[in-house]
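Visitor: Curious how this folds, go ahead:
(one chain, ligands or ions: 3)
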Amino acid sequence: MAAPSRLSYATTDDYPKLSSLPIIDISPYLSPGNRGKRMSTAAALHSACLEYGFFYLDISKFVDPKEPEELTRLAREFFALPEEEKDKIALRNEDGARGYARLKENVTNGLADNHEGIDFYRPVESPDKTKPLWGSNQWPSIPGFRERYEAWIEKMKQLGVIVMEAMAAGLGMTPEECEDLKSQVTDSFWVMRIIGYPPLPNDYQGFSCGAHKDYGCLTFLYADPTPGALEVFLGRPGHLVQTAPDIPPSENVEQSGVWIKADPIPGCVVCNIGEMWEIWTNGLYKSTLHRVIHRSSNYRVSIPFFFEPNFDAYIQPLPAALRIQDDEPQRPGKPAPEHKKYEPVVYGKFLLSKVANNFDTNGAKSRYN
Ligand SMILES: N=C(N)NCCCC[C@H](N)C(=O)O
Ligand SMILES: O=C(O)CCC(=O)C(=O)O
Ligand SMILES: [Fe+2]
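Guide: Ligands and ions are numbered 1, 2, ... in the order given. Here you go, the predicted model:
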């Protein structure tokens with residue numbers, strides 16, 4: 001395997017097709033009928049997932065823009081509180097995953113992230129805070145906070161099922177296959193993060209949030225209008241131009257590309273597919289690396305909602321994706337497609353291993369050695 005060249009630096013000119021993310025209007029899937037429009041939405045999702053793993057989802061017909069604006073206002077009110085107030089809902093009071101994490105408590109690729117945040121997970125029936133992930137959510141006592149965010153969670157769960165249905169169509173699934181896929185997300189073990197980013201100091205040894213892939217199924221990111229913060233890594237093996245200087249070495253094999261900005265677009269959430277989609281599609285869809293570098297002077301707030309599979313979901317390559325791989329045109333010298341490249345996982349087990357790394361500098365570092 002040739003070592004990636006570090007001599008030339010790619011620009012977006014090297015990736016003309018890849019310089020900005022597609023915008024997909026989900027509205028045909030919000031009401032019954034619209035067969036033709038649904039087909040074009042499904043097709044657009046399929047190509048966005050093949051080529052980018054990241055796209056804008058126009059949800060302006062699904063949510064009133066005032067709703068998420070109010071959420072960021074509430075988040076700012078919380079982050080402006082004194083540390084001892086915020087620590088009243090600290091992670092350590094609970095299962096170590098649900099609650100408030102101070103600035104630099106989160107770790108990515110062995111480096112402390114320059115953000116603070118509150119993490120929420122799907123509530124469980126018999127909470128037990130001695131079991132990882134199995135505690136209770138901790139809510140700030142700001143009036144209206146919990147109600148507004150719970151309404152958002154309901155909306156994002158609905159959106160998750162809607163997008164899954166459209167993606168199933170995009171993969172050409174039969175109605176039975178579509179039902180089977182949806183049954184794996186009916187009791188989504190969702191995650192919501194409310195993240196606060198102070199400006200990243202110029203001399204900081206790390207990022208606002210280091211390069212990573214999301215773990216699960218679909219991420220719906222609402223962010224305040226701050227430009228130039230979220231970046232998406234576009235590139236593919238075989239298009240070797242440059243090795244990104246800071247992507248995790250485990251992801252850095254024969255891969256090159258460019259970091260492009262994914263600035264907020266009014267009426268849209270940024271949507272990306274997590275690692276479970278990589279397994280479901282046997283690698284046809286790739287989960288895309290992204291990071292946050294927020295250097296402007298304001299305090300940025302973002303609210304990612306992770307629509308995930310059920311905790312017990314057994315994730316394995318889907319027949320519809322394998323059919324597409326079988327149909328890929330054969331070219332001379334191109335090896336025949338290999339099936340079952342991706343090992344099945346139980347989503348909850350996979351999640352536990354990821355979350356264990358999130359606050360542990362040594363654990364995260366050991367992934368590199
Ligand atoms: N639930 C999700 N996807 N959270 C992403 C958090 C950022 C990356 C994480 N520190 C890591 O090292 O994986
Ligand atoms: O704040 C952002 O724009 C992205 C955050 C993110 O990628 C994550 O929490 O997984
Ligand atoms: Fe992420």
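Visitor: Check the separation of the first and last residues in stretch 197-213.
Guide: Distance between the two ends of stretch 197-213: 19 Å, counting by CA to CA, to the nearest Å.
Visitor: Give me every residue in this protein lying close to ligand 1.
Guide: N106, V107, T108, V191, C209, H212, D214, Y215, F306, K354, N357, N358 (CB under 6 Å from any ligand atom). The way it works is simple: take the backbone N, C-alpha and C, and place the C-beta from them, glycine included.
Visitor: separation between the closest residue to ligand 2 within the stretch 101-250 of the chain and E125?
Guide: Closest to ligand 2 within the stretch 101-250 of the chain is L230: 3.8 Å, counting by CB to the nearest ligand atom. The gap separating L230 from E125 is 35 Å, by CB to CB, to the nearest Å.
Visitor: Mind giving me the packing neighbours of the longest helix anywhere in the chain?
Guide: For the chain, the helix that runs over the most residues, judged by DSSP state H, is helix 145-170. Helix 145-170 is packed against helix 35-51, helix 66-79, helix 175-183, strand 191-197, strand 218-223, strand 300-307, with contacts defined by 3 or more CB pairs under 8 Å, 6 or more residues apart in numbering; DSSP states H and E.
Visitor: could I get those as CSV with mean pLDDT and mean neighbour count?
Guide: Formatted as CSV, these follow (pLDDT from 0 to 100; neighbours: other CB atoms under 10 Å):
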stretch, mean pLDDT, mean neighbour count
helix 35-51, 95, 17
helix 66-79, 98, 17
helix 175-183, 98, 13
strand 191-197, 98, 22
strand 218-223, 98, 24
strand 300-307, 98, 24
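Visitor: Of these, which is nearest I265?
Guide: Relative to I265, the nearest member of those by CB to CB is strand 218-223, separated by 10.3 Å.
Visitor: gap between stretch 264-272 and the chain center?
Guide: 13 Å (CA atoms, centre = their mean, to the nearest Å).
Visitor: for it, how far is the first residue from the last?
Guide: End-to-end distance (CA to CA), stretch 264-272: 14 Å.
Visitor: Buried residues, that stretch. List them.
Guide: For stretch 264-272, the neighbour count (16 or more other CB atoms under 10 Å) marks P264, G267, C268, V269, V270, C271, N272 as buried.
Visitor: can you tell me which of the residues you listed are in strands?
Guide: C268, V269, V270, C271, N272 (DSSP state E).
Visitor: tell me the contacts of the last one?
Guide: Put plainly, it is N272. The neighbourhood of N272, defined by CB atoms under 8 Å, 6 or more residues apart in numbering, consists of G53, F54, F55, D214, L218, T219, L221, V232, S287, T288, H290.
Visitor: Who does the fifth one form a beta bridge with?
Guide: This points to L218. Counting by DSSP bridges, L218 is bridged to I273, F307.
Visitor: residues in contact with it?
Guide: The contact partners of L218, taken as CB under 8 Å, 6+ apart, are G160, V163, M164, C271, N272, I273, G274, W277, F306, F307.
Visitor: The first one touches V185, doesn't it?
Guide: Yes: using CB atoms under 8 Å, G160 is in contact with V185, at 6.5 Å.
Visitor: Neighbour count: the two, which is higher?
Guide: V185 (23 against 20; other CB atoms under 10 Å).
Visitor: what secondary structure does that one sit in?
Guide: coil (DSSP: H, G, I helix; E, B strand; the rest coil).
Visitor: cool, P140 as well?
Guide: coil.
Visitor: quick one: contacts for it?
Guide: Contacts of P140 (CB under 8 Å, 6+ apart): L74, F78, L81, I89, I118, R146.
Visitor: So it versus ligand 1, what's the distance?
Guide: The gap separating P140 from ligand 1 is 20 Å, by CB to the nearest ligand atom, to the nearest Å.
Visitor: Over to P309?
Guide: From P309 to ligand 1 the distance is 13 Å (CB to the nearest ligand atom).
Visitor: so what's the residue of the chain most remote from its centre scoring on pLDDT?
Guide: Here the chain reaches farthest from its C-alpha mean at P332, the gap being 36.5 Å by CA atoms, centre = their mean. At P332, the pLDDT value in this model is 72.
Visitor: and it, which of the three is it?
Guide: Once three-state DSSP is applied, P332 turns out coil.
Visitor: what's stretch 197-207 in contact with?
Guide: With CB under 8 Å, 6+ apart as the criterion, stretch 197-207 contacts 103, 108, 111-115, 208-209, 229, 246, 291-302.
Visitor: Just the buried ones among these, please.
Guide: Judged by 16+ other CB under 10 Å, buried ones among the contacts of stretch 197-207: 103, 108, 111-115, 208-209, 229, 246, 291-294, 299-302.
Visitor: Do stretch 93-100 and ligand 2 come into contact?
Guide: No: using CB under 6 Å from any ligand atom, stretch 93-100 never reaches ligand 2; the gap is at least 13.4 Å.
Visitor: List the buried residues in that stretch.
Guide: Buried-residue list, stretch 93-100, by 16+ other CB under 10 Å: N93, E94, D95, G96, A97, R98, G99, Y100.
Visitor: Can you tell me which of these is closest to ligand 2?
Guide: For the buried residues of stretch 93-100, the minimum distance to ligand 2 (CB to the nearest ligand atom) is 13.4 Å, reached by A97.
Visitor: and the closest one, what pLDDT?
Guide: 97.
Visitor: Isn't it up against N106?
Guide: No: in this structure, A97 is not within contact of N106 by CB under 8 Å, at 11.2 Å.
Visitor: Which neighbours do the two have in common?
Guide: Common neighbours of A97 and N106 (criterion: CB under 8 Å, 6+ apart): N358.
Visitor: and stretch 25-41, how far apart are its ends?
Guide: End-to-end for stretch 25-41, by CA to CA: 7 Å.
Visitor: related to what we said a few turns ago, going by distance to ligand 1, which of the buried residues of stretch 264-272 wins?
Guide: Proximity to ligand 1 was ranked across the buried residues of stretch 264-272 by CB to the nearest ligand atom; first place goes to N272, at 9.6 Å.
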